[in-house]
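Colleague: the sequence isn't on hand, but the structure is:
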């Protein structure tokens, strides 16, 4: 087989003897959720194309249109350099066994250096046969409940797609939505601290005398410890000003 001049920068997801068109469509949808569009389908039970797969793909129909139909697994893997087989049960084979995260990290590393990588997913009823797994270079084992280890085909595809996105640096672990504001500067926090200290001093809050220094220190420490936005600072200033105005109404 002649290798194309430009190799895809993503792994091929190979569905081996899938049984239900709905699951093929759901797998396509899961792949496209994570920017993966290289699907290969090996000997689907109900033939191909499959109207049920198209209906279930819901927006990811292009993947099905471009999916490569293969008569058997050797044909599907003929141009691949590294193959990962997903399985939920032990196979009694001497092979590296990756967790999903590590598997996709390995896939990303190999693809970056010009290799073609495939990930195998077995049929819904019992998963990949040992003969299928024997053709893989490594196994991907998902840590699931041993009393209920079976994963739906599309669920497994979704899991591996997510780990691919993580491996390629497309997932940010934590972000903060600023909602139209920004973090307060040190000067703004200092001004807020001085405002409160001044007003609390006037109100007689710092008492008794021998505790004044430690109370002011604790208050300053509180302001510096709080991750405040400019909107927070403005609100805290406004709260204190309103309380002072409210106090003066009774005079």
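Modeller: Noted; the coordinates are in hand. Keep in mind that what you see is a predicted model, and the values were worked out from it rather than measured.
Colleague: now do the helices in the stretch 51-200 of the chain.
Modeller: For the stretch 51-200 of the chain, applying DSSP state H, counting those that start in this stretch gives helices covering 51-57, 61-66, 73-76, 100-112, 130-133, 153-167, 186-202.
Colleague: can I get the ones you listed in a markdown table including mean pLDDT and mean neighbour count?
Modeller: The C-beta positions use only the backbone N, C-alpha and C, and glycine is treated the same way. Below are these laid out as a markdown table (pLDDT from 0 to 100; neighbours: other CB atoms under 10 Å):
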| stretch | mean pLDDT | mean neighbour count |
| --- | --- | --- |
| helix 51-57 | 95 | 18 |
| helix 61-66 | 94 | 16 |
| helix 73-76 | 97 | 18 |
| helix 100-112 | 96 | 19 |
| helix 130-133 | 94 | 15 |
| helix 153-167 | 95 | 22 |
| helix 186-202 | 94 | 14 |
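Colleague: residue 236: which of these is closest?
Modeller: With CB to CB as the measure, helix 186-202 is the member of the helices of the stretch 51-200 of the chain nearest residue 236 (5.8 Å).
Colleague: so what does that closest one touch, helix or strand wise?
Modeller: Applying 3 or more CB pairs under 8 Å, 6 or more residues apart in numbering; DSSP states H and E, one finds that helix 186-202 contacts helix 212-225, helix 230-249.
Colleague: among those, which one carries the weakest average confidence?
Modeller: Of all the helices and strands packed on helix 186-202, the minimum mean pLDDT falls on helix 230-249 (a mean of 90).
Colleague: so what does that one touch, helix or strand wise?
Modeller: So helix 230-249, by 3+ CB pairs under 8 Å, 6+ apart, packs with helix 186-202.
Colleague: the helix it packs on to helix 230-249, inter-axis angle?
Modeller: Interaxial angle, helix 186-202 versus helix 230-249 (axes from the mean of the first three to the mean of the last three CA atoms, to 10 degrees): 20 degrees.
Colleague: so how far is helix 186-202 from its chain's centroid?
Modeller: Computed by CA atoms, centre = their mean, to the nearest Å, the chain-centroid distance of helix 186-202 equals 42 Å.
Colleague: ok, and what's touching that helix?
Modeller: 184, 206, 216, 219-220, 223-224, 228, 230, 233, 236-237, 240, 243-244 (CB atoms under 8 Å, 6 or more residues apart in numbering).
Colleague: one more: stretch 239-251?
Modeller: Stretch 239-251 is contacted from outside by 195-196, 199, using CB under 8 Å, 6+ apart.
Colleague: also stretch 224-232?
Modeller: By CB under 8 Å, 6+ apart, stretch 224-232 touches 178-184, 188-189, 192, 236.
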